[in-house]
Each structure stands twice: as structure tokens, then as C-alpha cells.
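# sequence and predicted structure, then a few things I'm wondering about:
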Amino acid sequence: MTIPAPLRYRITPIRPEAHLFEVTLTIAKPAPAGQRVALPAWIPGSYMIREFSRNIVAIEASCRGRAVALTKLDKHTWAAARCTGPLLIRCEICGWDLSVRAAHLDQTHGFFNGTSVFLRVPELEDAPHEVEILRPRGPGYAGWKVATTLPRAPGTHLHAFGLYRAASYDELIDHPVEMGRFTLLKFSACGVPHEMAITGKHDCDTRRLAADLQKICETQIRFFHGRNAGAKQVPFGRYLFQTMAVGEGYGGLEHRASTALICNRRDLPHAGMEGVPEGYRTFLGLCSHEYFHTWNVKRIKPAAFAPYDLSQENYTRLLWAFEGFTSYYDDLMLVRARVIDETAYLGLLAKTIQGVLRGSGRLKQSVAESSFDAWTKYYRQDENAPNAIVSYYTKGALVALCLDLLLRSRSGGGLSLDDVMRHLWRQYGAHFDTRGAGVPEDGLFNAAVAVAPGMKRVLKRFFDTAVHGTADLPLKALLGSAGLELAVERGGTPALGARTAAAGEGVRLTHVLDGGGAQAAGLSAGDVVIAVDGLKVTGASLDALLARRKAGATVLVHAFRRDELFERTVRLDHAELTAEIRPAKDAPAAAVQLRHRWIQT
């Protein structure tokens, strides 16, 4: 006989047209002094306080059919009056956030993360949890199915509505749920079943996509577990890509056995498509990134996240390694899986370098500081962001690149960042479910030293400058050790020294760059430029007009700030820099060999 879980949820899309979920929580034995419950303030993997409780439309409590007083203590915590139980708490929650982070519901589909809909009982978070997922009422929803990796209770079939179980609250919220009429594609990677559920209109060539994903997933499994890895070594029994195809959108969020993705439908492969166009390459890179997180973040994770405190910010200076290293390996896995070629990979790498070098914030904020300030700066970017912060994703990826090439070049190709990642897996990831130990703040340095003890002084200097400093990374020298040349240039169309976006009858300045002509002239973010040298400009015509000038020339700019018209004389800057990586002519054979082992291994 199965013993009921002490906590049981039921979630029903009661009014899809109004985007309303009904969620009930039954607590078999509430706390004698009065039961407290709370909704998380953030979702792991997205480092910003999101206050999901704002989407609760109504909440009430009862015990054996009688109402129980429910007092709100703060923005996401409630206390129920004393009762002997069982205590039933009912919520109506609005799901209208079409993102990977929250919940979304309409007549076409439903999606939710547990952090958005399931109240937590703090003292019972380690107890078993059950959730019954119900279909919307009405004949129009008869064809809906469920896509989730939540463990099914006996009697609940794959892709069916019914009862699901989790060993803890942490597990409950780490398996998002998609429901509706989705396209399902399947493949096996190293003996492990994988699926992708695609929601939204699309013309995807599912066979092509499944074949490419299989290569990427098998490459990553073998990266961590060896060339002969099988289902017994992989830390999940089944994996699911939940993909929402839209007209414009991009994003992903990792979970322990799945990922939630949003992509442009035109980025999915179509029948007869040749090669790997940029959009499809971007989508495969997103899939690769989130899949790599299955190991690096979900199991190898900062000590600050072991366990998560979902009521407030969890600070760490290590996101440059967990997000940045994942951003390094996502594209590297594409070329190692033979999905893209070396030339395409070097182009992606150059684009990352270009993006980092275009922001002066890299000279003011280290990647360790960027990681710590993710909650207040990276996830809350404003018009001054390029001048004030650096991305721990992109610069973190370049730190990974440099560390990888440093280890390879100093060891004659015998050691690499791959060895560091596998060391972290053995020390922290492989046993996380039983030991629960996270990586300490100096853990990445210690792991690198453990792999290369003879390089401790070199590694100390590297971490001091690359991770905790703001100087530019030694990219040219380290790429040179792999027989590659890095060319960084400024040229092409002159620029105002600002980033822009079309805005009705003019061009809005979204970011004014430090030291540029626009800033020197007194232009500011939010200003709308309507004319240059007496000619009307639009998003399409501004570049063409500036292309007829030279850097250093001056132009007369007419613009609105709020509803006030003004004019400024702006000295044109050179265009933002571009980066290119190409094989060096007459590179030593050892450097070429190092490159091949790095990229093709």
C-alpha cells in the first residue's frame, strides 16, 4: 500500500482564456502553532528577484470544509491559523509570462515552472511531494498531452495527465511542465531516451533536428563520462527539451533532466535546408548550452546554491565559471560533434571576443564582481550598462578559452580545461545527490591547480588578472599558441558613438558609449534623433547617411529629449570594432596539432 505524501498539490488550468491556473496544496499535518507557506522569490538559473507571488489572484485556506484565517506576513509568505488538519490552501494564479522562467496559459497550451505555482512549506521541503496535473475542462482540450520529466506515479502513463511525485520540493520545482498539442521528436543518446516537445506553429524538419541533437548530446555525455559511456553513467534516466517556437524570442533555462527553450520558429531547420544557417546554429548553441548545464550548474554548483535559499538573493562570485564556462563549451561542443566546421566555430569565437571588447564596462568590473552583482546589475541592465558592467557569460567564456589554451600550451597539449571540468565532476557533481556539496569560492582555482600542480604560480597570476582584474585578456598570445591570428580592427561606416533603435519618425539612442562623439556632444540615452545635417533620418537611413562621411568629421544633429527639440554638433567616431580569427600562415606544426586536439577532440 502506498503511503500518501505529507504534501499534495493539484494544478488545473481552470480558465485558459483568462490565463488562470487553480492550485491547491493539502498539508496532512500542519504545524501546531499555525502553518506558514511561501512562494519562491526567484527561480534557480535566473539570478533576479522576480516576486512570483504578484501573480496570485486569490488565496484562501480551509480545514475539513471550514474556512481558516490566512494572514499575509510579507510579499510572498502567509500564515494559516491553527488547525488539526488536513489544511487545504487554494490559489488562483495568473499565467501570462511567455518566458522560460514563469507560467503561461491560453487556449493553445499551458506551461509552468514549479517556482511560479507551488507554495513551499519550509519545514517540509525535504519530504516527499505529490502533484496531480489535470486537463482543462471542455471537449476542445481532449487532445492535450503533458511533456515533463517529473517522476510519474504508478498508473500515470508517459505524456498523460495524472499523478506525479517528487522526493523533495527542490525536485518538484526542477521539472517544468508543458501541456497542449505539441510536436514530439525522439532520439537516443548513449542509450538514454531524449525528447523534444515543440509548441507553436512551425515547419521543422524533425528528423534533421533529432539527428543533430543526438550528436551534440552524445558528445557531451562522452565528455564527462568517457567514450564508452552508457545509460548507467548518465545522471538522468530521460531528458526533455521543451521548446516554444515564436515569431521573435530567444532564451533557455536549465533543469536537472530537461530544459525550457524559446526560439524564433524560423531558426528551426526546414525540409531541404542546406548547411547550418546562422539562425539554426544559434538554436543548436542554445540547446547545447542548456544541456551542458545538466552537469555544470545542476550538479557541479556553487556552494552558495547548495541548497538554494529561494526567499532571497544567493550571492556567489563564481557565475563566470558556471555560466561562462558553459558559454565556452556550448559552441565548442557543436564543432566537436561535427555539426559545424572549424571555420564556423572560429567565427562564433570571434563574435564573442568582439562583443566583450565593444563594452568599456570590461575595464571597470571584473567577472567575479559581475557574478556577485548579477542580482542588481546584469539582470537589471539599463542604458549605461555597456559603460559599467561586463557579462560573466561572454567574458567568462573568454576566461575559459584562455585558461584552456594556457593549460594546453604550458603542458605541451597534455592538460586542458576538459581535465578541470572532469575533476570538478568527480569531486562535486557525481555525488551531489548524496553529498550535496557545492564548489567553494576558491574551488575553480583549486581544481585547476589539482589538474596542473606544477603551474600553481602561473595559474595564480592568471586568476588574479583574468577573474579578479579588469585588464584585457591575453587573447592574441594564447590563440597564437594554437596557430591562430586574432585581428581586431575599427573601420567601415562612421558612428555617432551610440547604439540605436528605430523609433517612429526617428532613431532612438539606446546606449551612449563612454568617450564617444555622442557623449562628448551632450546626447543621452533616450534622445530621439530626427535629422542629421538637415536631412530626416530613420532606422534604415542613418547608416547610409553616415557612410558618406569619414570618422572625425562633424555633423549637425537635431533631436528630441522628451518633447523638447535641440541640436548638437557631433564628431563622428570610427565604427565599433570587429574581430576575426584565422589560421596563421606558416604556423608551427606543434601549434596546429594543439589546435586540432583542442577543437576536434
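Received, thanks.

# show me where the stretch 251-400 of the chain has strands.
Ranges of strands in the stretch 251-400 of the chain, per DSSP state E, counting those that start in this stretch, are 251-254, 258-264.

# so which of the ones you listed is nearest L73?
strand 251-254 (28.7 Å; Cβ to Cβ). (Glycine included, C-beta is placed from N, CA and C.)

# not counting its neighbours along the chain, what's nearest L403?
L417 (5.5 Å; Cβ to Cβ, 6 or more residues apart in numbering).

# number of nearby residues for that neighbour?
24 (other Cβ atoms under 10 Å).

# and what of N387?
N387: 18 neighbours (other Cβ under 10 Å).

# what distance separates the start and the end of stretch 142-155?
The first residue of stretch 142-155 is 19 Å away from its last residue (Cα to Cα, to the nearest Å).

# now do the buried residues in that stretch.
Buried residues in stretch 142-155, counted by 16 or more other Cβ atoms under 10 Å: W144, K145, V146, A147, T148, T149, L150, P151, R152.

# in which helix or strand does the third one reside?
Take DSSP states H and E as the rule and V146 turns out to sit in strand 145-147.

# check which element follows that strand along the chain.
Per DSSP H and E, the helix or strand that comes after strand 145-147 is strand 162-166.

# chain center to that following strand, what's the gap?
In terms of Cα atoms, centre = their mean, to the nearest Å, the centre of strand 162-166 is set 27 Å apart from its chain centre.

# tell me where the chain is predicted with low confidence.
Counting by pLDDT under 70, the chain shows low-confidence ranges at 1-4.

# rerun at 90
1-5, 85, 433-436, 490-493, 504-505, 539-540, 543, 575-576, 600-601 (pLDDT under 90).

# for the nearest residue to P16 once chain neighbours are set aside, give me its contacts.
Leaving out its chain neighbours, the residue that sits closest to P16 by Cβ to Cβ, 6+ apart is Q107, at 4.9 Å. Residues near Q107 by Cβ atoms under 8 Å, 6 or more residues apart in numbering: P16, E17, G140.

# does R597 touch G413 like I think?
Yes: using Cβ atoms under 8 Å, R597 makes contact with G413 at a distance of 5.6 Å.

# the two: who's more crowded?
Set R597 next to G413 and count neighbours by other Cβ under 10 Å: G413 wins out with 17 against 14.

# report the separation between the more buried one and Q593.
7 Å (Cβ to Cβ, to the nearest Å).

# repeat that for V100.
Distance from V100 to Q593, by Cβ to Cβ: 41 Å.

# with neighbour numbers in mind, choose between these two.
Neighbours per residue (other Cβ under 10 Å) separate V100 from Q593, with V100 holding more: 26 against 15.

# just put the contacts of Q107 in CSV and tack on neighbour count.
Below are the contacts of Q107 laid out as CSV (neighbours: other Cβ atoms under 10 Å):
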residue, neighbour count
P16, 21
E17, 9
G140, 10
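
# closest one of those to C91?
Of all the contacts of Q107, the one with the least separation from C91 (Cβ to Cβ) is P16, at 16.7 Å.

# which residues touch the closest one?
L105, D106, Q107, G110, P136, Y141.

# rerun at 10 Å
95, 105-110, 136-138, 140-141, 180 (Cβ atoms under 10 Å, 6 or more residues apart in numbering).

# mind checking which of the residues you listed are buried?
Applying 16+ other Cβ under 10 Å to these, the neighbour count classes G95, L105, H109, G110, P136, Y141, G180 as buried.

# in strands only, show me those residues.
Judged by DSSP state E, strands contain the following of the buried ones among the contacts of P16: L105, H109, G110, G180.

# among those residues, which two are most distant?
Spatially, the most separated pair among those is L105 and G180, at 9.7 Å (Cβ to Cβ).

# so what sits against both of those two?
With Cβ under 10 Å, 6+ apart as the test, L105 and G180 both reach P13, P16, F111, P136.

# identify the single longest helix in the chain, thanks.
helix 206-225 (DSSP state H).

# now flag whichever of the contacts of Q107 is closest to G226.
The closest of the contacts of Q107, once distances to G226 are taken by Cβ to Cβ, is P16, at 46.5 Å.

# coming back round to it: got CSV for the ones in strands among the buried ones among the contacts of P16, with distance to L261 too?
CSV is the format used below for these (distance: Cβ to Cβ, whole Å):
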residue, distance to L261
L105, 18
H109, 14
G110, 16
G180, 15
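
# out of the residues you listed, the closest to H289 would be?
H109 (23.8 Å).

# right, and that closest one touches M179 too?
Yes: in this structure, H109 is within contact of M179 by Cβ atoms under 10 Å, at 6.5 Å.

# shared neighbours, these two?
Common contact partners of H109 and M179 (Cβ under 10 Å, 6+ apart): P13, W144, A197, T199.

# so the last one sits right up against V177, yeah?
When you say that, I think you mean T199. No: applying Cβ under 10 Å, one finds T199 not in contact with V177, separated by 11.9 Å.
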